[in-house]
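Participant: Attaching a predicted model along with its sequence, questions to come.
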Amino acid sequence: MDVDRPVVPAGPEGPEGPEGRDGSDGSAPAPASVRGRGGRGRATGVRLALMALPLAFFAVFFAYPVGAIVARGLHQGGRWRFGAVGDVLGDPSIRHVLWFTCWQAAASTALTLAVGLPGAYVFARLEFPGKRLLRAVVTVPFVLPTVVAGSAFLALLGRGGFTDSLLGFRLDTSVWAILVAHVFFNYAVVVRTVGGLWAQLDPRQEEAARMLGAGRLAAWRRVTLPALAPSVAAAALMVFLFTFTSFGVIQILGGPTRSTLEVEIYRQTAELLDLPTAAVLTLLQFVAVAVILGVHAWTVRRRESALRLVDAARTAHRPRGGERALLAGVLAVVALLILLPLGVLVARSFDGPNGYGLAFYRALASTDGSGDGGTFLVSPLETVWNSLRYAAVATVIALAVGALAAAALARRAGRVMRGFDALLMLPLGTSAVTVGFGFLITLDKPPLDLRDSWLLVPLAQALVGVPFVVRVMLPVLRAVDARLREAAAVLGASPLRAWREVELPMVARAVGIAAGFAFAVSLGEFGATVFIARPDSPTLPVAVARLLGRAGEMNYGQAMALSTILMVVCAASLLILETAWQRRPDGRRTTVPTGEF
């Protein structure tokens, strides 16, 4: 047996199934309708139509605001100051910031993958009590304001914390605190992105390899891992970009000696008012992200393997043998990495001035619960409704834009489409401070005068949600065999009906996962929202940050109470979304690209 190539068991179609009557490997020639110039022209037209809305969205709400703020920083006194680029790059402290930003992001990504991949398998393939609830809970850290989570880790790892009290040493002064906090935030990215595809892979492919003589590890490495490569690469890319632009965690746990590009941009913009330096650092972020995406495209090449997407419920089973130990290990990791920090936040929310109780929660119903007034124009409790409303609209926008972009990318092309793909990822690698300021200085004139519109917030949130929608949906969209659509067309189905009856059942699960991610990141977006949210309608993260920024035990307690509410809202929303979008694939054979995105 050649275990270098994925082994695929014959499907129910038999030797005359999708592989073709000639016994070929499925690489049958395209029908005449798409081989000629007319077919290529129609394919190009469809691709351009799919790209139109995403391109317009990114041009207006990303390229224009970011370009304007960078231009304002480099164009002063009637001339361009490109010399500032050399001055900034020549500063040893800036080079140190760039080096620390890169290596801590790489280390955080590797650690998150190492911890998250076993969890992805457990949540995808094993059935155990409380699985759905626990899967929603592990996503909660992803929406927490980073300042809140950073404070929780400081309490756990710092003086008098968990490690200091029980183990006799502190981690808050080391880089390990930053790395562990990043795993805490991004664990769900790996579990949900990789696990979403893993749950739909037909386990009989790996079983067939084992029957032909491959060991368990060899069968997994040569059959399952190549099929998972798109999702693993997508998760790694998203984790790297998020940790590359880390802000709150570095501010709290990094101390004065550690700073990322995001922290430095904020310092230059908000504290020093040095727009030229901030503009150069923003351009530096763009270059770094472009290099990251280029390396990603160069190292991960296109490969296709014949696979079968099946009902996720059919692949889950109760733990057996060594899987029981794996399940126990994953549950222990979740308990220590996720539940313990969240438990600290919950405990603090009930630890009131007169002992444990609901004092902090009662104070949330008032606009001046701290007793000194002026913190909010509305009660902090009203921010729950604001956040849900903004996140729902942002999710709809992100799904519409991201689904169209993923559909265009699924119809593969050359460098133009790879550039389009890279464009979609830029918001994850761009300073939220830059985006927020850009919105303020550009979207203030007709016909885009949105200064007084509540839509400004969900538009900014959708910018971060779109990359997640694309990265989650793209591997599954590319998994749909084009010949299934062609067969439906031959049988008289319209393109809309073919999409509804052939592709939608296969990708509906991915749409649900994408919707959950878009909703979660919108619910917890803080960097840009803090600049553009109206004073009378702040979001939950903005309200938490405002409370943490004011002195006093009551303000701090309310921040913990509001963070607890944010956790509950996130978990409940994700459970509802998963239930509503639980659509099943039909189990037909498809082709899964296991390489480039």
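Facilitator: Looks like it came in fine.

Participant: contacts, neighbours, all on C-alpha from now
Facilitator: Noted.

Participant: Distance of the closest residue to Val137 other than its chain neighbours relative to Ala149?
Facilitator: Nearest residue to Val137, sequence neighbours excluded (CA to CA, 6 or more residues apart in numbering): Ala571, at 5.6 Å. Using CA to CA, to the nearest Å, Ala571 is found at 16 Å from Ala149.

Participant: Just want the most central residue of the protein.
Facilitator: Geometric centre of the chain, nearest residue: Phe468, 4.6 Å, by CA atoms, centre = their mean.

Participant: tell me the mean pLDDT over stretch 497-510?
Facilitator: Mean per-residue pLDDT for stretch 497-510: 75.

Participant: Actually, stretch 253-266.
Facilitator: Stretch 253-266 carries an average pLDDT of 78.

Participant: Let the chain start at 22 from now.
Facilitator: OK, 22 is where the count begins now, so the last one is stretch 274-287.

Participant: okay, how far is it across it, tip to tip?
Facilitator: End-to-end distance (CA to CA), stretch 274-287: 17 Å.

Participant: In terms of secondary structure, what does the host helix or strand of Val497 contact?
Facilitator: Secondary structure from DSSP states H and E places Val497 in helix 477-498. Applying 3 or more CA pairs under 8 Å, 6 or more residues apart in numbering; DSSP states H and E, one finds that helix 477-498 makes contact with helix 246-265, helix 404-431, helix 436-446, helix 525-545, helix 550-553, strand 610-614.

Participant: Contact partners for the residue nearest to the centre of the chain?
Facilitator: Contacts of Phe489 were listed using CA atoms under 8 Å, 6 or more residues apart in numbering, and they are 259, 535, 538-539.

Participant: One more: Phe307?
Facilitator: 447, 450-451.

Participant: quick one: least confident of those residues?
Facilitator: Comparing the contacts of Phe307 by pLDDT, Gly450 comes last, at 74.

Participant: out of everything not next to it in sequence, what's closest to that residue?
Facilitator: That would be Leu262: by CA to CA, 6+ apart, it lies 5.4 Å from Gly450.

Participant: Heading C-terminal from the helix ranked longest in the chain, find the next helix or strand.
Facilitator: The residue-count maximum for a helix in the chain (DSSP state H) belongs to helix 113-146. Next helix or strand after helix 113-146 toward the C-terminus (DSSP H and E): helix 152-158.

Participant: Of all the residues in that next one, which ones are buried?
Facilitator: Neighbour counts using 16 or more other CA atoms under 10 Å place 155-158 of helix 152-158 among the buried residues.

Participant: closest to Val211 among these?
Facilitator: Arg156 (11.8 Å; CA to CA).

Participant: For the closest one, give its distance to Val136.
Facilitator: The value you get for Arg156 to Val136, if CA to CA is used, is 15 Å.

Participant: What of Phe206?
Facilitator: Where Val136 is concerned, Phe206 sits at a distance of 12 Å (CA to CA).

Participant: What of Met72?
Facilitator: Counting by CA to CA, the gap from Met72 to Val136 is 36 Å.

Participant: And those two? Which one has more around it.
Facilitator: Neighbours were counted for Met72 and for Val136 using other CA atoms under 10 Å; Met72 has more, 21 against 18.

Participant: Please name the residues that touch the more buried one.
Facilitator: Counting by CA under 8 Å, 6+ apart, Met72 makes contact with 425-426, 429.

Participant: pLDDT-wise, what's the bottom of those residues?
Facilitator: Ala429 (84).
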